[in-house]
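>>> just the structure for this:
(one chain, ligands or ions: 1)
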Amino acid sequence: MSLNRDELIKAVSEQMPPQRWKHTEGVMQTAVVLAERFGADPVKADLAAILHDVAKYWPVKEMEKIIRENNLNQDLLLHDKQLWHSEVGAFVAEHDYKVTDPEVLSAIKWHTSGRVGMSLLDKVVCLADYMEPGRDFPGVDRIRELAEHSLEEALLAGFDGTITHLVSQRKVIYPLTIFTRNDLIEQIKLMGKSNTFKIGG
Ligand SMILES: Nc1ncnc2c1ncn2[C@@H]1O[C@H](COP(=O)(O)OP(=O)(O)O)[C@@H](O)[C@H]1O
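Coordinates of the predicted model:
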């Protein structure tokens, strides 16, 4: 049986500390604003935002078990454990909370690493996670400014910040994030060209 929105919020919020739930509320609010701004479905954005960090505080052993036993992305097990909650979160959303919409499940699954060819909803939820009002890191105001006009430019600034931070900490970067960043640059270039064609008639 699937839960209504209030029941879902209660069930998800009980699985994380209050501070992380506050972050989730910020992501919900921001994802809806971004969805309306850029033409994504705000109801789907809200649902994906509610669930995006559902597994964030699950025990590592439990996440590992889910990834192994359900043949999820095994490559993740070779990378930072912080990346696991997105993959597991999408699985939990589908199996425990009966979310069937592939767009919503995709936005949950790719909200940390990104992916090549991110959908509009993937971008909205990922960007909301970067710039919700509770976020306070160097560069976040620039991301918010860019998000006034361009989903892709803002997201690129977000991924650039993550990559730069990981480099400064001498941490391994999940390769898909590099490919995501490169793909966003290509998308922005192509958009520039199509705008030129439009102006040129
Ligand atoms: N692409 C990546 N490659 C490797 N590690 C990553 C990547 N993205 C995030 N991480 C690691 O996961 C941690 C948490 O990321 P994230 O879930 O996006 O942040 P938050 O906990 O603030 O929501 C980062 O501080 C970093 O250590």
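>>> pLDDT at the residue nearest the centre of the chain, what is it?
Geometric centre of the chain, nearest residue: H111, 2.0 Å, by C-alpha atoms, centre = their mean. What the model reports for H111 is a pLDDT of 98.
>>> near the ligand, anything from the longest helix out of those in the chain?
The longest helix of the chain (DSSP state H) is helix 175-200. Yes - using C-beta under 6 Å from any ligand atom, helix 175-200 reaches the ligand at T177. (Each C-beta comes from the backbone N, C-alpha and C, glycine too.)
>>> now that helix: buried residues?
For helix 175-200, burial by neighbour count (16 or more other C-beta atoms under 10 Å) applies to 176-177, 180-181, 183-184, 187.
>>> just give me the closest of those to the ligand.
The closest of those to the ligand turns out to be T177 (C-beta to the nearest ligand atom; 3.3 Å).
>>> looking at it, that closest one is touching F159, isn't it?
Yes - T177 lies in contact with F159 (C-beta atoms under 8 Å); the separation is 6.2 Å.
>>> burial of the closest residue to I9 other than its chain neighbours, as a residue count?
Spatial nearest neighbour of I9, excluding adjacent residues (C-beta to C-beta, 6 or more residues apart in numbering): I50 at 6.1 Å. By other C-beta atoms under 10 Å, the residues close to I50 number 25.
>>> who touches the strand or helix carrying G26?
Taking DSSP states H and E as the definition, G26 sits inside helix 18-38. With contact meaning C-beta atoms under 8 Å, 6 or more residues apart in numbering, helix 18-38 is reached by 12-13, 16, 40-42, 44-46, 48-50, 52-53, 56-57, 120-121, 123-125, 127-129, 131-135, 147, 151.
>>> after that helix, next one along is what?
helix 42-51.
>>> buried ones in stretch 127-140, by neighbour count?
Going by neighbour count (16+ other C-beta under 10 Å), the buried part of stretch 127-140 is 127-132, 135, 139-140.
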